[in-house]
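S.K.: All I have is the shape, not the residue letters:
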């Protein structure tokens, strides 16, 4: 299937500088190249003149690296939006809540959404699940996202790779089709 003919919308979620910090949120992270891959996908979308929407997280917690007063709120240099690209700001996990995203997608008659960004088990999972539940043909690009080690309710640390693989497996074929960036480029060229 050639995705280009369907004009898929690229949704970049929370590709922000806070996630570059080694201590955010205080644990080890996998997939150090996630933002670089997001940037490569963004460049391909620009080259193909396909729809692009950037979403950033604005924490209401003043101490958060994602609060608008902190440098971590800024977009990662690999994905800096252009003036003509849509930028939405959210303060919850889903890019669909409080942003007008669904209205924008429906107005443009979007059928296919390509989701990239941070982090796999938080805003990416929530946005991907909602996208699928709202009826969009959704693709999550596995190597464009990453996880951090996570503390279990018993205090045990769960390795980021386990969280990452489990998150992707929970989404695949239930809410979205999970593919990597190479598969995406084959579908878009």
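M.R.: All right, it came through fine. As the structure is a prediction and not an experimental result, all values here were calculated from the model.
S.K.: Run through the helices of the protein in chain order.
M.R.: Along the chain, counting by DSSP state H, helices occupy 34-48, 101-107, 125-133, 160-171, 181-188.
S.K.: most tightly surrounded among the ones you listed?
M.R.: Across those, the average number of neighbours (mean count of other Cβ atoms under 10 Å) peaks for helix 125-133, which reaches a mean of 21. Backbone N, C-alpha and C define where each C-beta goes, glycine included.
S.K.: Run through who's touching it.
M.R.: 11, 13, 55, 93-96, 113, 115, 138, 140, 167, 170-171, 174-176 (Cβ atoms under 8 Å, 6 or more residues apart in numbering).
S.K.: Selection in ChimeraX covering whichever of the residues you listed are buried, please.
M.R.: Buried subset of these, written as a ChimeraX selection, criterion 16 or more other Cβ atoms under 10 Å:
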select :11,13,55,93,94,95,96,113,115,138,140,167,171,175,176
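S.K.: From the contacts of helix 125-133, which land in strands?
M.R.: Among the contacts of helix 125-133, the ones falling in strands (DSSP state E) are 11, 13, 55, 113, 115, 138, 140.
S.K.: Would you confirm that the third one contacts residue 16?
M.R.: The one in question is residue 55. No - taking Cβ atoms under 8 Å as the definition, residue 55 is not a contact partner of residue 16, at 9.9 Å.
S.K.: which intervals of the chain have sub-threshold pLDDT?
M.R.: 1, 22-26 (pLDDT under 70).
S.K.: Show me what the nearest residue to residue 138 once chain neighbours are set aside bridges to in the sheet.
M.R.: Take residue 138 and drop its neighbours on the chain: the residue closest to it by Cβ to Cβ, 6 or more residues apart in numbering is residue 176, 3.9 Å away. Taking DSSP bridges as the rule, residue 176 bridges to residue 172.
S.K.: OK, contacts around residue 176?
M.R.: Counting by Cβ under 8 Å, 6+ apart, residue 176 has contacts 115, 128, 131-132, 138-140.
S.K.: Show me which of those residues is closest to residue 30.
M.R.: residue 140 (15.6 Å; Cβ to Cβ).
S.K.: got the contact list for the residue nearest to the spatial centre of the chain?
M.R.: Nearest to the geometric centre of the chain sits residue 117, at 2.7 Å (Cα atoms, centre = their mean). The contact partners of residue 117, taken as Cβ under 8 Å, 6+ apart, are 11-15, 38, 55, 123-124, 144-145.
S.K.: and stretch 15-29, how far apart are its ends?
M.R.: Length of stretch 15-29, first residue to last, Cα to Cα, to the nearest Å: 15 Å.
S.K.: how many neighbours does the nearest residue to residue 59 once chain neighbours are set aside have?
M.R.: Distance criterion Cβ to Cβ, 6+ apart; nearest residue to residue 59, sequence neighbours excluded, is residue 66 at 4.1 Å. Residues within reach of residue 66, counting by other Cβ atoms under 10 Å, total 21.
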